[in-house]
Structure formats: C-alpha cells, structure tokens
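Participant: got a structure for you, letters missing:
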C-alpha cells in the first residue's frame, strides 16, 4: 500500500460502550444489598474482544462490553484467563459510583470530575519520581491508559437508571502535528516489513499474556534489520533513544480501524510520556490493529517541548494528593495547559428497565425490598441469607397456617411445604387469608388453594401441597386401613426430616403428638402455635443433642439453660393425648377464638423464627428468661430476646416469657419413647395411635401416677392415725 495523505493534527476515534441488562440488574442489587447508603467507587471491568489474527472479525474493535460479571473483576479475570488463539478478551478497568440522590449526579462538575480521575489514574503515577528504573517500569505497567468511569443514580423501586460514562483522556493544549502517517505494510514505513511483523507479533503476544493491560504499550528499537523490545517507561524510552543508529517506536494495540486516526488511549500514552520527558518534541507511534500489519497505522508526530516549571508545579500538586484533594483543584485556573475529555454524551442518560425485567423475578426481588432497607440504617448487621434458604413445613393450613405462610413470605422464605387434609369451606373465608370464594365454591383442598394463592403472590415461591392425614392418638385405625396409615406416617417422616423447621398449627392437641415425636427423633426444630379464646401460646421445642440437617440449628451454646433442656408442647402433660374431637358440640369442634388472636400469634411465631436465625446457635441457643436467671442476655440476638415460650392475652393485652424445661416423663419427647420409636419405627407410632395408654406406660407416666396415688393413700392413713391419737 502507499502512504496516506498527511493530516495537520492527529485525531482520535472514540470508544463505544455496550451494556447488558444483566449489568444494570446486578448494579441495582449491589446498591440495595451491599453499598446501601455508602457511595464507594466500585471496581469495574469491561471487555473488548480483540482479533489478533489476520482474518476479518465482525465485532467492531472499539466496542467495550459490560455484563453482570463486570462488577466482579476477580471472577471475570478467572473466566477470561484462557483466551482463544484468534480472539483475546481485553480488560478495560474502571470504576462505578452510585449516588444516593439524583441531585448529586445532576450537580456534578463534569470537567472537574474528569480532570480528577485522569490525574489520579494517569498523571500522578506518570509524574512520580521513582527510586530505580525497575520500579518505574513496574509502576508504568500498571497505568490504565484506557479506563472507564461511570456515575449513576438508581431508582431501585422503579428500575430507572440515570447514568453517565466516560473514557477519561487528558491532553496537553499544544497540538500534535502529524509529520507522516502510513496505513498498512507500505514501503513508506521507516522500518522493514519484517520489523513491522515482529512488532505486531510481539504486541499480540503481550495482549494474550496480559489482557488486563488493555492496549499494552511497549517500545521497539529498530536498528538495521533487527528489532529490540523494551517495556514502556520514561527511563526505558530515554535509554532506547540513545541507541546508536536506532529509532524508537512506541507500539500499542489500537481499538480503532479508522484510516487517519487512532483510538483515545493513544492520547493518554502521548500525554503521560510528554509530561515525564518534558524536553520531548517528536514521537513515533505504531498502532497495532486487528487484521495484522495491513490494518496497522504508523504515525510520526511533532509537538512543542513543555516548560519544566509547569511540569514541576503539576508534580508538586499531585504528590500525595488524595481523591478529595484532587476534587478541590481548580484545573482551569491552576493548570490551563491541561485538557480533559471523554464523556460519551453531553447529558445524563436515563434507562427505564421496568418493562424488560421478568415480572416473576421482579416480584421476588421487590418483595424483599423492605427487608434490605432494614439493613440500610436500622439494622445493618441483619443477616437475611440463612432464613431466605429456610425450608418450612407447615402442618395445618387453617387460620394459623395461612397467616404463618404470609408472614414467612414477608421474611423472604420461599420454600414451603403445606400439609392438611381438609377442603375450603365458606366458613373459612373471613378468617383464613389465603382462600377465596371460588376456592370454597369449588370445594378445593386447602393445600392446593393455599399453594395457588402463594404462587399468585410470589410466582417464584416453591410451594408443595401435600394432602396428608396426620394420625392422632385415640383415633383408632381399622386393620383394613393399616397399610394406608403406614404410608401416611412414612411420608410425614420424610417431610419432617427434609424440613429446616416445622410449624405445628393443627386444630387439636392430639394432632401435634406424632409430628412432635418424629421431629424430636430427627432433630428437626419445631415451633408450636396454639390458641385459646383470648389467649395464645407460641413456643419452640428443644432440639435433642444429636446431629441435625436443619440450617436453623447452629453450634451448641452451653453457657446457660441449653437447648436440650427445653421442653416440648407435651412436657407439662400428665396424661397421654387422646381423642378430644368425638362427641363434641359444634362450638367444641371448632377453634372458638377472638378473630385477631390468630394473626397476632402467627406473627409472633414467625418473628421468633427470624430471631432464631439471627443467633449463631439457632435453635440451640439458650432461652431468654425475664428475671431470676444470670446471663439472661444469652438468649438474645440483634432482633431482640429469644424466649422458649411466649404466652399472650388480648384480654389483658399482656405478653409473658416462660421457659419450660424438658420432662423426662414427657408423653412425646421422653428418651424412652424416642428409643422405642427408633427401634420399632412406624409400627410403634401406629400402636400408640390405637392405644394411647401405651404411651403413658412406656414413658413412665403410668408408674408415676401409681406412685402418686400410693403416696396419697399413705398420707391419708397417716392423717387418720394422728386423729386417733
């Protein structure tokens, strides 16, 4: 090819930016969950796909791409460590700042901001005086001659993004005059074709080895037919320039395919070298491009030398200056010879992604919005990840079950299993918040109707409806239904073992017995909720000292009343649970309670669960006691106290914390009962269902009551003898 017509001034082509929707989603997430009220400059890495082969590549060379992974540079570096033979993922490092107020972004002095960024990233390291040439070479290798600067304000509720981006460039006011400009492998090049190929080959090798350096500038000294390469630094440039008979060429990988201009990083390369070597008046550039030497561009420049006093003044101002110091510099007045540019637009761009976000994803994300805001000011240490992974099993989907499910959704729990055998009736609609008129009219199963309602609220929720019978002591099972009952018990065992926490929300006391003994055996935590007319009780069961698969169970905390000492719902009983439903009037068959009591009790139960997830020991943490116990603060977390029982009354509007310790003769969690269950399995549970007195016999309650009766008789005879005397 022949020499191209010389232009009087060197011109520069802009870099283009492509931003994925995923980038904006991840940026919003980081603002909401990590940065909150902080306004840090977060690291950012864009990717430009450089073609290092001689073949044509469709993607434009000046395109920098931002994706969701761009906000995690370390992950991106690992992902792009292995570059293909023809395509190299070049890293363009930068920063992004997200303001708390849109007014801050609008009030920004754009020119001053660019000056500050360029001074910090380019000019300060370029003007630093280093102790040795080696130290200088290492420092110059880290200068980001191409860098990205992004400023944003995010309306996290509406998914509107206000943003400004720049590829900061700094230049000296005096013009860069083009003495010669040669495109391609022309005879007009001041070096041989072999030398040109050697430079391009060395440049592409550097690009593959160090994609994080982007344009990868280096020095080439052409002497006769040989080419020698040096790292790019002022000391190396001066040394190479003194080589007898050689000419120094500054080579760099160019993100442009324009015939008469180079990309913006070249401006930073020239400016930094001119400031470091003020006496410099000429420079040779070789812009290495995709497509080999046929596409590469050679430029010979002339310019004025800089006054040493100007450079010394700038160096003094930048030495040791912080970001805040640089922001206060009056660049136009103090250093009028420096110019800054690089903003991609003259005004703020606004991107509205509300219509592009998957509604299912948005429903899940936005429903956690208030939880994340709790961490901004009120409770920065709040840990939400563990409870968000909780797998909750709800036994009973009535008034309590519906309210507990809704409250769990509020805390971000998305994995729910619902067990109930009933169907929706019209009498349920006012009290049971997940059911509708249509569900009652169609006679839907409660678990199915509740699951549909939950998915209608949060479509991404994983809800498993299980229409299962929970067999109860005193409700005898016919021999013909034994196999079916055993299958029901087996399924219940599987569900309890797989859950992180079990909520006991059934109507009757005896319906809570079988889940209690199974959970005690598997180590699955239990929260029990029961209602009276104007009273309620919420309690957590003790977790037996054994391995538990639940993520709600942490390490032992044995500095007080420990988890194994805590009782269960049946620990205060002196009789085995039995049939309490047969031969009952209508008002005795239904749970007759004041309408709002269930909502209060359900909320207290879920808040207790949230508190347990904030304690490092989870359900193994000691119980808080109101008074009379030393170190009562052990049963505390960042959300408050963690009692074992909460008993409340809407009659007196009071709430009390109680602690019931484990009863060795308990009709549900006594060690002898658990041992018998582990030995005999489901057959044991079936025998207990058909014969409740068996429970009393095994756990020792029957013998204990016999002893009490004997003691009472003996006490009575003793009293008679005293009267006889």
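Facilitator: Great, that's in hand. A quick note: this is a predicted structure, and the numbers were derived from the prediction, not measured. Residues are numbered from 1 along each chain as shown.

Participant: what are the ranges of the strands in the stretch 1-150 of the chain?
Facilitator: Here the stretch 1-150 of the chain has its strands, by DSSP state E, counting those that start in this stretch, at 11-13, 16-19, 41-51, 63-66, 87-99, 148-155.

Participant: neighbours of the closest residue to residue 624 other than its chain neighbours, how many?
Facilitator: Once flanking residues are discounted, residue 624 sits nearest to residue 635: 3.1 Å by Cβ to Cβ, 6 or more residues apart in numbering. Where you see a C-beta, it was placed from the backbone N, CA and C, and this is true even at glycine. As a burial measure, residue 635 scores 25 neighbours (other Cβ atoms under 10 Å).

Participant: and residue 635, how far from residue 344?
Facilitator: 56 Å (Cβ to Cβ, to the nearest Å).

Participant: for residue 400, same thing?
Facilitator: 57 Å.

Participant: the two: who's more crowded?
Facilitator: Under the neighbour definition other Cβ under 10 Å, residue 400 and residue 344 were set side by side, and residue 400 has more, 30 against 15.

Participant: right, and the helix or strand after the helix or strand containing that one?
Facilitator: Assessed by DSSP states H and E, residue 400 sits inside helix 399-410. Later in the chain than helix 399-410, the nearest helix or strand by DSSP H and E is strand 415-419.

Participant: buried residues in stretch 238-256?
Facilitator: 240, 246, 248-256 (16 or more other Cβ atoms under 10 Å).

Participant: meant to ask about stretch 143-158
Facilitator: By 16+ other Cβ under 10 Å, the buried positions in stretch 143-158 come out as 143-154, 156.

Participant: by pLDDT, give me the weakest of those residues.
Facilitator: Among the buried residues of stretch 143-158, residue 156 has the lowest pLDDT, at 91.

Participant: now that residue. Its backbone dihedrals?
Facilitator: phi -70, psi -20 (degrees, to the nearest 10).

Participant: contacts only, for it.
Facilitator: With contacts defined as Cβ atoms under 8 Å, 6 or more residues apart in numbering, the neighbours of residue 156 are 28, 31-32, 369.

Participant: cool, residue 513 as well?
Facilitator: Listed by Cβ under 8 Å, 6+ apart, the contact set of residue 513 reads 472-473, 570, 577, 667-668.

Participant: cool, and residue 124?
Facilitator: Contacts of residue 124 by Cβ under 8 Å, 6+ apart are 318-319, 321.

Participant: domain map for this protein?
Facilitator: 11-172+311-343, 177-307, 366-682 (automatic domain parsing).

Participant: among those domains, which comes closest to residue 356?
Facilitator: Evaluated over the domains of the chain, closeness to residue 356 peaks at domain 11-172+311-343, with 5.8 Å, by Cβ to Cβ.

Participant: okay, how far is it across the closest one, tip to tip?
Facilitator: Counting by Cα to Cα, to the nearest Å, you get 17 Å between the two ends of domain 11-172+311-343.

Participant: quick one: it to chain centroid distance?
Facilitator: Taking Cα atoms, centre = their mean, to the nearest Å, one finds domain 11-172+311-343 lying 24 Å from the centre of the chain it belongs to.

Participant: check contacts around the closest residue to residue 461 other than its chain neighbours.
Facilitator: Leaving out its chain neighbours, the residue that sits closest to residue 461 by Cβ to Cβ, 6+ apart is residue 414, at 4.8 Å. By Cβ under 8 Å, 6+ apart, residue 414 lies in contact with 364, 388, 458, 460-462.

Participant: quick one on the thing from earlier: quick one: the residue nearest to residue 624 from residue 540, how far?
Facilitator: Taken as Cβ to Cβ, the span from residue 635 to residue 540 is 11 Å.

Participant: which stretches of the stretch 301-450 of the chain form strands?
Facilitator: Under DSSP E, counting those that start in this stretch, the stretch 301-450 of the chain gives strands at 338-343, 349-352, 391-395, 415-419.

Participant: what's the angle from the last one to helix 399-410?
Facilitator: An angle of 170 degrees separates the directions of strand 415-419 and helix 399-410 when computed by axes from the mean of the first three to the mean of the last three Cα atoms, to 10 degrees.

Participant: can you list the strands that strand 415-419 pairs with?
Facilitator: strand 391-395 (parallel), strand 462-466 (parallel) (DSSP bridges).

Participant: can you check the first one too?
Facilitator: Taking DSSP bridges as the criterion, strand 338-343 sits next to strand 160-172 (antiparallel) in its sheet.

Participant: ok, and for the partner strand, which residues are buried?
Facilitator: Under the neighbour-count criterion of 16+ other Cβ under 10 Å, strand 160-172 has 161-172 buried.

Participant: cool, stretch 496-506 as well?
Facilitator: 496-497, 499-506.

Participant: stretch 407-416 now?
Facilitator: The neighbour-count check on stretch 407-416 (16+ other Cβ under 10 Å) flags 407-409, 411-416 as buried.

Participant: of all these, which two lie farthest apart?
Facilitator: Checking those with Cβ to Cβ, the most distant pair is 407 and 415, at 14.8 Å.

Participant: give me the spatial nearest neighbour of residue 284, chain neighbours excluded.
Facilitator: residue 249 (4.7 Å).

Participant: what mean pLDDT would you report for the helix or strand containing residue 490?
Facilitator: Per DSSP H and E, residue 490 falls inside helix 482-498. Averaged across helix 482-498, pLDDT comes to 96.

Participant: which other helices and strands contact the helix or strand that it is followed by?
Facilitator: Using DSSP H and E, the helix or strand that directly follows helix 482-498 along the chain is strand 501-504. With contacts defined as 3 or more Cβ pairs under 8 Å, 6 or more residues apart in numbering; DSSP states H and E, strand 501-504 has these neighbours: strand 391-395, helix 513-522, strand 526-531.

Participant: name the residues that touch strand 501-504?
Facilitator: 390-396, 401, 404, 496, 512, 515-516, 519, 524-529, 550, 552, 569, 605, 609, 619.

Participant: now the closest residue to residue 375 other than its chain neighbours: how far from residue 610?
Facilitator: Nearest non-adjacent residue to residue 375, counting by Cβ to Cβ, 6+ apart: residue 382, 5.0 Å away. Separation of residue 382 from residue 610 (Cβ to Cβ) stands at 9 Å.

Participant: and for the closest residue to residue 185 other than its chain neighbours, the neighbour number?
Facilitator: Once flanking residues are discounted, residue 185 sits nearest to residue 293: 4.4 Å by Cβ to Cβ, 6+ apart. Look at residue 293: counted by other Cβ under 10 Å, it has 22 neighbours.

Participant: so how far is residue 197 from residue 293?
Facilitator: Distance check for residue 293 against residue 197: by Cβ to Cβ, it reads 6 Å.

Participant: hmm, residue 450 is touching residue 397, no?
Facilitator: Yes: taking contacts as Cβ atoms under 8 Å, residue 450 lies within contact range of residue 397: 4.9 Å.

Participant: find residues that contact each of those two.
Facilitator: 405, 418, 420, 434.

Participant: what pLDDT does the closest residue to residue 416 other than its chain neighbours get?
Facilitator: Using Cβ to Cβ, 6+ apart and skipping the chain neighbours, the partner closest in space to residue 416 is residue 463 (5.0 Å). pLDDT recorded at residue 463 is 98.

Participant: so who does residue 463 touch?
Facilitator: Residue 463 is in contact with 416-418, 450-451, 454-455, counting by Cβ under 8 Å, 6+ apart.

Participant: now, of these, which are buried?
Facilitator: 416-418, 450-451, 454.

Participant: make TSV out of the strands of the stretch 301-450 of the chain and add mean pLDDT and distance to residue 425.
Facilitator: As requested, the strands of the stretch 301-450 of the chain are exported to TSV (pLDDT from 0 to 100; distance: least, Cβ to Cβ, whole Å):
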stretch	mean pLDDT	distance to residue 425
strand 338-343	92	66
strand 349-352	94	46
strand 391-395	98	19
strand 415-419	98	17
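
Participant: can I get those in TSV including distance to residue 706?
Facilitator: TSV is the format used below for the strands of the stretch 301-450 of the chain (distance: least, Cβ to Cβ, whole Å):
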stretch	distance to residue 706
strand 338-343	91
strand 349-352	77
strand 391-395	34
strand 415-419	37
